[in-house]
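Peer 1: Structure for this input, please:
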Amino acid sequence: MRIFHLERHLPGRSGWLRAAVLGANDGIVSVASILLGIAAATSSRNQVAVAGVAALVAGAMAMAAGEFVSVSSQRDAERADIARERGEILQNPAVELTELQHIYERRGLDAGLARQVAEQLMEEDALGAHLRDELGITGYGMATPLLAGVTSAVSFAAGAALPLTAAIALPSAARIPVVAGVALGLLAATGALAGRLGRARMGPAALRVLAGGGAAMLVTWLIGTLVGKAV
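Peer 2: Take a look at the predicted model:
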């Protein structure tokens, strides 16, 4: 009787998950920081709204373009490695067999067993064996530039939307403390969520995000305050 042990792993969603978390965090930190800086320099609701909307749109587009280019470069590199490895297997199968054997020996198999495993895998799927065990490329890790770009843009806008809404809706007296509080709460939530999804400790993950985002917002608020007094 065969027993199947089911486990939940994350490699299949690591690309879009990474893009979503980074996009949301950047949206919260970037737009909230800009809003705090503008709010510290002026009490004008219109100026705050224009700056916030511009930051949201520009940031979302920049995240999408940057993630698309980055992941496209990764995909191109993977494709080049695959083509090169396929050619090497066709031209020098014996050399590639020995190379695979040595990989398994370094992982702890004795020479005879490593040779046997390498031969069987070369017969079954030579390219797949080399991609997986030599280059570390699996089907789960293939980059998807369009998905990463769209995910980054949407998550950036989603992260920025709540601080922006609060800044526009609130009176000037409450604008700075509420926007800062909303942003810090969202950062703590996204940091904890990232830790949970990554099977890491939620507390330290949230604290790291809070520290970086809080520092960025503080610096921008201080600059806005100084500029507002100087103008």
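Peer 1: so after the longest helix belonging to the chain, what's the next helix or strand?
Peer 2: When the chain is parsed with DSSP state H, its longest helix is helix 45-91. From helix 45-91 onward toward the C-terminus, using DSSP states H and E, the following helix or strand is helix 93-106.
Peer 1: can you list contacts of that next one?
Peer 2: Residues outside helix 93-106 that contact it (Cβ atoms under 8 Å, 6 or more residues apart in numbering) are 88-89, 111, 113-115, 117-119, 121-122, 126, 129-130, 133-134. From N, CA and C alone the C-beta is placed, and that goes for glycine too.
Peer 1: How far off centre is it?
Peer 2: Centroid displacement of helix 93-106 relative to its chain, using Cα atoms, centre = their mean, to the nearest Å, is 34 Å.
Peer 1: Quick check: mean pLDDT of it?
Peer 2: For helix 93-106, the mean per-residue pLDDT is 88.
Peer 1: quick check: angle from the lowest-mean-pLDDT helix or strand in the chain to helix 45-91?
Peer 2: Ranked by mean pLDDT, DSSP states H and E, the weakest helix or strand in the chain is helix 14-41, scoring a mean of 84. Here helix 14-41 points in a direction 160 degrees away from that of helix 45-91 (axes from the mean of the first three to the mean of the last three Cα atoms, to 10 degrees).
Peer 1: Name the residues of helix 14-41 that come out as buried.
Peer 2: Buried residues in helix 14-41, counting neighbours by 16 or more other Cβ atoms under 10 Å, are found at 15-41.
Peer 1: packing partners for the longest helix of the chain?
Peer 2: Helix 45-91 makes packing contacts with helix 14-41, helix 93-106, helix 111-133, helix 145-169 when contacts are defined by 3 or more Cβ pairs under 8 Å, 6 or more residues apart in numbering; DSSP states H and E.
Peer 1: again, 10 Å this time
Peer 2: Identification of packing neighbours for helix 45-91 by 3 or more Cβ pairs under 10 Å, 6 or more residues apart in numbering; DSSP states H and E yields helix 14-41, helix 93-106, helix 111-133, helix 145-169, helix 172-197.
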